[in-house]
Each structure stands twice: as C-alpha cells, then as structure tokens.
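Engineer: return a 3D structure for these sequence lines:
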Amino acid sequence: MSFDVAKIRQDFPILNETIHGRPLVYLDNAASTQKPKAVLDTLRHVYEHDYANVHRGVHTLSQRATDLFEGAREKVRTFINARKIEEIIFVRGTTEAINLVAQSYGRSKLQAGDEILITTMEHHSNIVPWQIVCQQTGAVLKVAPINLAGEVLMEEFEGLLNERTKLVSVVHMSNALGTINPVQRIVELAHARGIPVMLDGAQAIPHMIVDVQALDCDFYAFSGHKLCGPTGIGVLYGKEALLKAMPPWQGGGDMIRMVTFAKTEYNTLPYKFEAGTPAIAETIGLGAAVDYLQAIGMDNIAAYEQQLLHYATQKALEIPTLKIIGTASDKGAILGFTLHHIHPHDIGTLLDQLGVAVRAGHHCAMPVMDFFGVPATARASFSFYNTHEEVDVLIDGIKQLIEVFG
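Structural biologist: Coordinates of the predicted model:
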C-alpha cells in the first residue's frame, strides 16, 4: 500500500513541537486529533474574509458565510452517505447529539416500564443521558454484557431485546478498548423487532468508512475534533421521518418560523434542532477536515492504522509485565494497557517526560474499568499521521519505566 506518512506529517504543524526537549509523539488521538494546515487556514480565512452570522442577513458577508456553512453540511452528508441534507443536524459534539435524541425522541416516546438497551463498554456520554431520561419517564436502562476480550456477547444482547425495548444505543468503536462492534448485525436484530438504533460514532468516524444508509441506523453521532476538525462542532444524523416527528430540544433563534406570545411555529429540518447562533467557522472548518480526509481516502487511512496497531500490539506483547486491556478480534487503533505495580497516572506522567502523550485514567468509561477490575489504564491511540518509529519510542519509554520502578 502506498501511504506517504512523512508527507502527511508536514500538514500538521504541531507535530514539529518539542516536549521537555524531545520530539512530540502524540498518541492521544482518541481524546482529540491534531489539525492539518488545511483546517487551520480555513478557520483563519473565514474570520479574516467571510465571517458574519448565517441565515439571517441579506448583506454579502452573511450570504458568503451561509453558503460556506451550508456547503459544509453537504460535505458531511456526502462523507457519511446520508440521503438528504435535512438529515444532518449540527450540534456541539457527540455528547450533545446523544442528549438531543434522549430528550427529544426518548422523552417524547418513552413510558414507565419501557427499556433502553446499551452495552457495558459505553462511554459515559452514552450512559448518563439515558439514565436521565429514564428518571424522567420511568423507563429502564438495560445493559448487554461483554467478554474479557472486550466484545459484546451477542447472544445475550439478542436475548435482551423484547417488546419493552424502545431504543438501542451502542458505541460503534469503543474509546477505551478499541473494539469495533458488529453494528450492522445489531441494527438488523433491533429492526427485526421494530426497535430504532442510535450509534455513537465518535471513535469510529476517524478510522473507517461510515455509510449510514448501508448501516441502516436510525441515528449516528460524531464530533469534529476527533476527525481533525475544530472543537465545538459535531453532527447528529437522523432518518428524516424520525427527525420530523421529534419535538425541538432547545428553543430560540433559527429553529423558528413564526413566533407570537400565543404560539410558535417551528422551522423545517435541519434547522428545527439548531437553536441560536451556530459554531459558524468551526462548521466550515469541519467541512475542510472532511475534504482533507477524503483526499487521503478513508480506506487508505484504515489500512495504514491497522498496520500501525498490529505493529504496536506485537511490540507490547513482548513486555512480560504489560497487560493489554481490549483484545477484540475486530479492533481500531487503540492500545489500552496496564503495567504490573505501576499506576497508569505514573505511566502517563513519566512518558510525558520523554515527549510521549498518552491518556491515563478511566477514559470516561468507568463501567469498563470496573469490569476489568482496574482503576484506570494507560491508552495509546493512533492516527494516520503517527509512525512505526513513534511506536518504538513509546515501547522504549515503557521499558524505561519498568526499569525505574524495578
């Protein structure tokens, strides 16, 4: 496979940074990815040449900003192969998208005794919103178990689907384990019973081709900042018929058609769910990130990252006191691990002294940590701009840690 990572790295100015006198090795991509010049230049250009509020002005700047903003919506629609632009709702991120569905779809549909089904490997953002809506409606949260590899036990998952199940919400790729769930099968099983499915795509979207029509999911959520785009912008995809039937979640400007003190008529999709001034430059920046990734090719990115993960995994397995947490057969570019007698926070702190940025903690997935019986893990998460040489720096750093701690 032809993949010029050296050339790609030139697009990311921050990768030239030094930390504690050493070259930065940035392996915290599951938390947030770095930004290419194409995105940085777009943000600067918008603020210097095209910035105004969108949808409301007749003047030239407002019209230019609106065209760029709505152009980004079309780019996102194409990127995930949604059927219509009306199905692309701009939100602050994955968390807001899930909360929107919980409070709009969930709160309007759920009744006491109804069930929402998630899995043990969910991020807090795909647990807490459902707990809140359960408290509001009397619905019950059900949790499908996982095995020690970090894979959903599909027989048990299927067994939890019943006439009381009104929604399934599942992570596409686990941020703590790297597990890529069999979401197509999950959707098929749920739809066979008439149950809609939401997918948390925050981790999946940077690493693979996502086709929402092929998946046939009812909702799909992701964040721009994990996709080489800006923070503060994300996407909720929803099937048009479902979104049309859902009540607004927030009220204010842009989501209205007409307001009197007696009543309000709501705007059409997608604006019904986009109250207030949006993240204008950030949305346009997300469009630039999508352009950048599509020029490289998501299939090329996926293949290269799998090579990188395989190399890192093989190197990690050579360290006797290292235990990998998350060994699913279908897995994305995440290496979560513990070291015997060394706390993950110490791992993260000492690796930082070597210029290596990894995450240490529960990764907003405390139930996952509880399941594996660990307080936290260290997590090296890779992107397409990382290199095999950087993996070597990580592994050498871990070996140095072990020597220091004895």
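
Engineer: list the contacts for residue 251?
Structural biologist: Each residue near residue 251 by C-beta atoms under 8 Å, 6 or more residues apart in numbering is listed here: 264, 275. The C-beta positions use only the backbone N, C-alpha and C, and glycine is treated the same way.

Engineer: would it count as being in a helix?
Structural biologist: No: secondary structure assignment (DSSP: H, G, I helix; E, B strand; the rest coil) places residue 251 in coil, not in a helix.

Engineer: so how far is residue 266 from it?
Structural biologist: 9 Å (C-beta to C-beta, to the nearest Å).

Engineer: check which helix or strand covers the residue positioned nearest the centre of the chain.
Structural biologist: Nearest to the mean C-alpha position of the chain, by C-alpha atoms, centre = their mean, lies residue 202 at 0.9 Å. Under DSSP states H and E, no helix or strand contains residue 202.

Engineer: so it touches residue 222, yeah?
Structural biologist: Yes: counting by C-beta atoms under 8 Å, residue 202 touches residue 222, with 5.4 Å between them.

Engineer: any residues in contact with both of those two?
Structural biologist: Common neighbours of residue 202 and residue 222 (C-beta under 8 Å, 6+ apart) are residue 94.

Engineer: residues touching residue 354, list them.
Structural biologist: 20, 22, 25, 393, 397, 400.

Engineer: mind checking how far it is from residue 404?
Structural biologist: Note on residue 354: its distance to residue 404, by C-beta to C-beta, is 11 Å.

Engineer: returning to what we had before: in helices only, show me the contacts of residue 354.
Structural biologist: Taking DSSP state H, the ones among those that sit in helices are 393, 397, 400.

Engineer: weed out the non-buried ones from those.
Structural biologist: Listed as buried from the ones in helices among the contacts of residue 354 are 393, 397; burial here means 16 or more other C-beta atoms under 10 Å.

Engineer: make a markdown table out of the ones in helices among the contacts of residue 354 and add distance to residue 188 and pLDDT.
Structural biologist: A markdown table is the format used below for those (distance: C-beta to C-beta, whole Å; pLDDT from 0 to 100):
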| residue | distance to residue 188 | pLDDT |
| --- | --- | --- |
| 393 | 43 | 98 |
| 397 | 43 | 98 |
| 400 | 48 | 96 |
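
Engineer: got JSON lines for the ones in helices among the contacts of residue 354, with distance to residue 89 too?
Structural biologist: Below are the ones in helices among the contacts of residue 354 laid out as JSON lines (distance: C-beta to C-beta, whole Å):
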{"residue": "393", "distance to residue 89": "41"}
{"residue": "397", "distance to residue 89": "42"}
{"residue": "400", "distance to residue 89": "47"}
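
Engineer: where does pLDDT dip in the stretch 1-150 of the chain?
Structural biologist: Applying pLDDT under 70 to the stretch 1-150 of the chain flags the ranges 1-2.

Engineer: can you do 90?
Structural biologist: 1-3, 56-57 (pLDDT under 90).

Engineer: ditto for the stretch 151-300 of the chain
Structural biologist: 253-254.

Engineer: where exactly do the helices run in it?
Structural biologist: For the stretch 151-300 of the chain, the helices defined by DSSP state H, counting those that start in this stretch cover 154-160, 183-191, 212-215, 240-245, 280-296, 298-317.

Engineer: what does the second one contact?
Structural biologist: If you take C-beta under 8 Å, 6+ apart as the criterion, helix 183-191 is touched by 152, 154, 157-158, 161, 165, 168, 170, 172, 196-197, 199, 214-217.

Engineer: and if we set it to 6 Å?
Structural biologist: Defining contact as C-beta atoms under 6 Å, 6 or more residues apart in numbering, one finds that helix 183-191 is touched by 158, 168, 170, 172, 197, 199, 215, 216, 217.

Engineer: just the buried residues from these, in ChimeraX please.
Structural biologist: In ChimeraX, the members of those classed as buried (16+ other C-beta under 10 Å) are selected with the following command:
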select :168,170,172,197,199,215,217
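
Engineer: I'd like the contacts of helix 183-191 as JSON lines, with distance to residue 63 appended.
Structural biologist: Below are the contacts of helix 183-191 laid out as JSON lines (distance: C-beta to C-beta, whole Å):
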{"residue": "158", "distance to residue 63": "52"}
{"residue": "168", "distance to residue 63": "42"}
{"residue": "170", "distance to residue 63": "41"}
{"residue": "172", "distance to residue 63": "37"}
{"residue": "197", "distance to residue 63": "38"}
{"residue": "199", "distance to residue 63": "35"}
{"residue": "215", "distance to residue 63": "36"}
{"residue": "216", "distance to residue 63": "37"}
{"residue": "217", "distance to residue 63": "35"}
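
Engineer: closest to residue 208 out of the contacts of helix 183-191?
Structural biologist: Distance to residue 208, by C-beta to C-beta, is smallest for residue 172 among these, at 8.7 Å.

Engineer: residue contacts, that closest one?
Structural biologist: 183, 199, 201, 204.

Engineer: name the nearest residue to it, ignoring sequence neighbours.
Structural biologist: Sequence neighbours aside, residue 204 is the residue nearest to residue 172 in space, at 3.7 Å (criterion: C-beta to C-beta, 6 or more residues apart in numbering).

Engineer: cool, residue 348 as well?
Structural biologist: Spatial nearest neighbour of residue 348, excluding adjacent residues (C-beta to C-beta, 6+ apart): residue 360 at 3.2 Å.

Engineer: partners of the helix or strand the one you found falls within in the sheet?
Structural biologist: Assigned by DSSP H and E, residue 360 belongs to strand 359-361. Paired neighbours of strand 359-361 in the sheet (DSSP bridges): strand 377-381 (antiparallel).

Engineer: right, I'll leave it there.
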